[in-house]
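> no sequence for this one, just the structure:
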């Protein structure tokens with residue numbers, strides 16, 4: 001059976017939003033450190049003190065997944081060659097670091113589905129639902145910490161964290177580096193579900209980035225464009241900034257390595273996106289197909305991405321155009337279906353779920369039924385991440401990162417193809433000492449057809 005710390009149920013007739021309820025719960029947990037387990041022999045289940053009034057149906061194939069919300073010694077490294085063995089256990093401990101910002105969130109943020117507090121409480125709810133659904137023969141204790149409202153070092157000084165088998169998070173890049181180093185010293189599998197960067201971890205075979213890197217996105221973008229539209233003109237767009245110029249140069253280099261040294265860099269005047277003048281008139285050849293790559297990805301570039309798409313749509317006239325973009329092009333509210341269809345937009349991304357699928361509808365329905373609120377899309381990521389951890393603990397045990405290439409489980413929106421990244425100067429990985437970290441290599445190209453995005 002599964003006993004999980006349930007998010008507070010809605011009151012009859014209440015319009016309280018889920019984030020308010022969750023953050024109240026987190027604040028309470030942070031103040032009291034109530035993480036003990038009590039027995040309830042009448043219901044034959046185990047539950048935290050905060051969860052005595054909420055039970056889930058018994059599943060005889062599962063032992064226990066126990067959740068607690070908490071407040072916030074170095075080990076001598078094993079000498080070379082390092083040996084990391086997977087170990088099957090009957091009881092696993094997972095630490096989940098989520099930036100709820102429970103002490104700083106205000107009412108307007110809690111009511112905004114795009115705000116951090118709303119998104120991450122949806123993520124947390126998805127993780128809990130996965131805990132309810134995924135079968136395991138072992139007991140799993142999940143300790144949840146608010147990484148934004150508590151100093152990360154105070155959390156890591158908790159002896160319970162040192163005994164973890166898996167640490168998930170946090171979100172903040174600086175905190176992530178601290179936790180990655182801590183996990184390396186303590187020999188704990190560390191999952192980074194939100195951030196990927198070559199600068200987070202160094203020579204760390206315990207660190208796993210489940211979000212593919214930007215460079216991997218660019219590789220897939222260029223490769224798919226070349227393969228899908230052979231012989232067509234390919235342009236990469238960017239601003240005058242040094243970062244954009246370097247990015248365009250990198251993509252041209254990728255093209256050269258793939259047999260297309262003729263990819264053209266097109267520097268966009270941002271004034272031309274705002275004024276009446278034309279921005280892209282030299283790109284288009286009427287009645288011919290051209291391919292445009294827009295590799296900008298950050299929230300700060302949202303206006304630039306929208307400006308480019310808007311101008312391309314207006315100026316292309318009878319030219320055939322194919323536009324490749326990063327996930328931000330799909331996630332922004334500014335770009336509507338008319339743009340997607342008119343510009344034959346392709347998106348490179350690691351996560352995608354058909355919201356009309358039965359699985360997606362079921363998750364949203366369960367959420368709404370329990371909390372009388374609609375979830376942010378982060379619910380799917382939270383569900384997949386916890387399913388990923390539970391599945392691999394069940395299959396391979398502690399230090400499952402050594403076996404992640406074998407993971408064949410289906411997930412809602414995420415694909416996993418976890419591979420080791422070799423340390424600098426290492427050509428062939430022969431053991432843990434040759435591993436810089438692990439990263440997810442799985443990306444899809446989505447094409448807009450018949451009113452929705454589908455995988456190519």
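Yep, it's here. Just so you know, these numbers come straight off a predicted model, no measurement behind them. Residues are numbered from 1 along each chain as shown.

> quick one, domains of the chain?
For the chain, automatic domain parsing gives the domain ranges 18-211+358-440, 214-349.

> can you map out the helices along the stretch 351-456 of the chain?
Using DSSP state H, counting those that start in this stretch, the helices of the stretch 351-456 of the chain run over residues 358-371, 378-396.

> quick one: which of these is nearest residue 223?
Among these, the nearest to residue 223 by Cβ to Cβ is helix 378-396 (25.1 Å). (Each C-beta comes from the backbone N, C-alpha and C, glycine too.)

> and the angle for the closest one with helix 358-371?
110 degrees (axes from the mean of the first three to the mean of the last three Cα atoms, to 10 degrees).

> wait, which of the helices of the stretch 351-456 of the chain is closest to residue 216?
When the helices of the stretch 351-456 of the chain are ranked by distance to residue 216, counting by Cβ to Cβ, first place goes to helix 378-396 at 18.0 Å.

> now the closest one, how far from the centre of its chain.
Distance of helix 378-396 from its chain centroid, counting by Cα atoms, centre = their mean, to the nearest Å, is 12 Å.

> packing partners of that helix?
strand 91-98, helix 116-133, strand 139-146, strand 166-168, strand 189-192, helix 358-371 (3 or more Cβ pairs under 8 Å, 6 or more residues apart in numbering; DSSP states H and E).

> now these as JSON lines including mean pLDDT?
As requested, those are arranged in JSON lines below (pLDDT from 0 to 100):
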{"stretch": "strand 91-98", "mean pLDDT": "95"}
{"stretch": "helix 116-133", "mean pLDDT": "90"}
{"stretch": "strand 139-146", "mean pLDDT": "93"}
{"stretch": "strand 166-168", "mean pLDDT": "98"}
{"stretch": "strand 189-192", "mean pLDDT": "98"}
{"stretch": "helix 358-371", "mean pLDDT": "91"}
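
> of those, which is nearest residue 429?
strand 189-192 (17.8 Å).

> got the buried residues for the closest one?
Residues of strand 189-192 classed as buried by neighbour count (16 or more other Cβ atoms under 10 Å): 189-192.

> now do the contacts for the closest residue in space to residue 391 that isn't next to it in sequence.
Among residues not flanking residue 391 along the chain, residue 409 sits closest, at 4.7 Å (Cβ to Cβ, 6 or more residues apart in numbering). Residues in contact with residue 409, defined by Cβ atoms under 8 Å, 6 or more residues apart in numbering, are 387-388, 391.

> and what of residue 412?
353, 359-360, 363, 380, 383-384, 387.

> among the residues you listed, which two are most distant?
360 and 387 (14.3 Å).

> neighbour count winner among these two?
residue 387 (22 against 17; other Cβ atoms under 10 Å).

> check contacts around that one.
So residue 387 contacts 130, 133-134, 409, 411-412 (Cβ under 8 Å, 6+ apart).

> the strands in the stretch 151-300 of the chain, which residues?
166-168, 189-192, 207-209, 233-238, 264-267, 289-294 (DSSP state E, counting those that start in this stretch).

> the first one: how far from the chain's middle?
On the basis of Cα atoms, centre = their mean, the separation between the geometric centre of strand 166-168 and that of its chain is 14 Å.

> next: the fourth one.
Offset of strand 233-238 from its chain centre (Cα atoms, centre = their mean): 28 Å.

> what of the last one?
Going by Cα atoms, centre = their mean, the spacing between the C-alpha centre of strand 289-294 and its chain's C-alpha centre is 27 Å.

> swap in the fifth one?
Strand 264-267 has its average C-alpha position 31 Å from the chain's average C-alpha position, going by Cα atoms, centre = their mean.

> picking that back up, may I see the domains of the chain organised as JSON lines, with distance to residue 451 added?
Compiled in JSON lines, the domains of the chain are given as follows (distance: least, Cβ to Cβ, whole Å):
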{"stretch": "domain 18-211+358-440", "distance to residue 451": "17"}
{"stretch": "domain 214-349", "distance to residue 451": "7"}
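
> so which of the ones you listed gets nearest residue 447?
Between those, domain 214-349 lies closest to residue 447; by Cβ to Cβ that is 5.4 Å.
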